[in-house]
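1. Let's see this in three dimensions:
(2 chains)
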Amino acid sequence: MSFDHLLVILLFPVAIAFGVAFFLLLQRRASYREYDERQRLARGKAYQAAFWTLAAYSLFSALMNDVADIQWADVTTGTFMGLFLAIAVFAIICIITDSFFSFKDRPSPYFTLLLIIIVANLLIFFLNLADGTPMVTDGLLNIHSLNVLAVAAFIPIYATLVAKHLYDKKHAETE
Amino acid sequence: MKNLRLKAARAALDMSQQDLAEAVGVSRQTINAIEKGDYNPTIRLCIAICRVLGKTLDELFWEEEA
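-> As a prediction, the model looks like this:
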């Protein structure tokens, strides 16, 4: 196991712990996100779609690996690719069905947050490029490609968010 | 099926979708979806909307069979 892999494995629980702490902090705030009944239903369907996307991806990659002996990424990167895909599916469905933001949310902080995530990952990607850090090892994408994969997942989310925001703005007055 | 009676009742009180949404505690898009017939609200939400608009469930949500 390489040092990079070990680092990802060690950092992953820390990232989850931060995520949980952030969630608990949000819960304590008065402006805790609340979804109405239609939004909860729509989010349930989005979770379902994300789950089946992840299941299909896992099955596909397992089949390709075992039957056709085709691999495109190491285990860690492949796992994250599936997660990014599922997150993108969930977020895009939620945005389209107006269930991404709670009805008390202001969307602007999320635009900023997503943009920061995209820019930060792009920055790390370009730094890796400048360093000459390889993103491919033995013909397989390695963890250094995760940043660009994250960008690939978050750009469609951001684009959907912007498109939906503009669509809503245009149609809000006529409804 | 579009719920034009809901839209008419709301307009009669000079309320926007946003006003009604805030009054019943849902998103504007949910009110829009109900008016367009894209979403069937729960009885709880129907009652909340009726209370705000001063209408009965029959007046806003009962559909006569064609």
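2. So the longest helix along chain A, near chain B or not?
-> Ranked by residue count under DSSP state H, the longest helix found in chain A is helix A:37-66. Yes: in terms of C-beta under 8 Å from any C-beta of the partner chain, part of helix A:37-66 sits within range of chain B, namely A:37, A:38, A:39. C-beta: built from backbone N, CA, C; applies to glycine.
3. And chain A, split by domain according to the record?
-> A:1-32, A:36-172 (automatic domain parsing).
4. the inter-axis angle of the top helix by length along chain B versus helix A:37-66?
-> Secondary structure assigned by DSSP H gives helix B:43-53 as the longest helix of chain B. For helix B:43-53 against helix A:37-66, the angle by axes from the mean of the first three to the mean of the last three C-alpha atoms, to 10 degrees is 140 degrees.
5. Contacts made by the following helix or strand past helix B:43-53 with the rest, please.
-> For helix B:43-53, the succeeding helix or strand toward the C-terminus, using DSSP states H and E, is helix B:57-61. The contact list for helix B:57-61 (C-beta atoms under 8 Å, 6 or more residues apart in numbering or on different chains) reads B:3, B:5, B:6, B:9, B:46, B:47, B:49, B:50, B:53.
6. got the contact list for the last one?
-> Pointing back at residue B:53 there. Contacts of residue B:53 (C-beta under 8 Å, 6+ apart): B:6, B:9, B:10, B:13, B:15, B:20, B:60.
7. again with the first one
-> Contact criterion C-beta under 8 Å, 6+ apart gives B:34, B:35, B:36, B:37, B:60, B:61 as the residues in contact with residue B:3.
8. Just among those, which is most surrounded?
-> Most neighbours among these, by other C-beta atoms under 10 Å in any protein chain shown: residue B:34, with 25 neighbours.
9. From what I see, that one and residue B:28 are in contact.
-> No: using C-beta atoms under 8 Å, residue B:34 is not in contact with residue B:28, being 10.9 Å away.
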